[in-house]
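Visitor: I would like to see how this sequence folds:
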Amino acid sequence: MKIIQTVLLTGALSAGSVLADSRAPQHIGVGSGAVLGGLIAGPVGLAVGATFGNFLGLDRMQAQELAQVQDQRATLQAQVNQRRQELAALERQIQSQQQTLVALKTLVQEVPMALLFDTQSAQLADQYVPTLQALADAARDLPELRILLEGHADQRGSAETNQALSEARAAVVGDELVNQGVPVVAVSWKGHGESAASGQNARDRRVQVTLQFPESESSLYSAK
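Guide: A predicted model of the protein is given here:
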């Protein structure tokens, strides 16, 4: 009986050494379990040990798969967190634009947007430069903003001269806005000559500034 156990033990050790050469985790488990079973309980232990080793190899494979799943989940969570941060930044940008729009409406309501000119002159007075600068600053933050400039003249002089003068006045205001940073596409101008003259000469020599927001529900804001 001892001879049989010795043979079985030797065979089990040989099988364990051969199977241990395999690089697959389940094969390593089978070999280790077989040797362990042979040492403990002879043939019965050999069978039980082989089964245990097989389970051990499967557990290792499942652990590797679980680790991969966890890595993928961590990567996905990082992507979700990044998207949330981008969304929060976008919401802050929108809020800033809304605040700028409110400030711009206040500017329109509180600051006269009719720029007056001297007789027979198309030179912009220095007092209007800060107003136009404030308007340009707001326009850079509001890409949808459009600025309409309408030049006027009083009834003194010929109609042809007044028409040219009203156009020159509107153009000089437009040039100042563009120089302050307003996109060229956001500014349009035209001259009305003396057609809208009221008889109040000082008031008639003006450029009317009208702000439009065509892409929003704000139809028109203008200071008369």
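Visitor: which residues sit against stretch 91-102?
Guide: With Cβ atoms under 8 Å, 6 or more residues apart in numbering as the test, stretch 91-102 has contacts from 138, 141-142, 213, 218. Every residue, glycine included, has its C-beta placed from N, CA and C.
Visitor: Now a PyMOL select for only the buried ones of these.
Guide: Applying 16 or more other Cβ atoms under 10 Å to those, the buried members can be selected in PyMOL as follows:
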select buried, resi 138+142+213
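Visitor: Just checking, which of the contacts of stretch 91-102 comes out lowest on pLDDT?
Guide: Across the contacts of stretch 91-102, the bottom pLDDT score, 41, is held by residue 218.
Visitor: Let me know the closest of the contacts of stretch 91-102 to residue 182.
Guide: When the contacts of stretch 91-102 are compared for distance to residue 182 (Cβ to Cβ), residue 138 wins out at 9.5 Å.
Visitor: Residue 74 and residue 135, how far apart?
Guide: 50 Å (Cβ to Cβ, to the nearest Å).
Visitor: more neighbours, these two?
Guide: When neighbours are counted by other Cβ atoms under 10 Å, residue 74 and residue 135 differ, and residue 135 comes out ahead with 22 against 10.
Visitor: Surely that one and residue 145 touch.
Guide: No. Counting by Cβ atoms under 8 Å, residue 135 stays clear of residue 145, with 9.0 Å between them.
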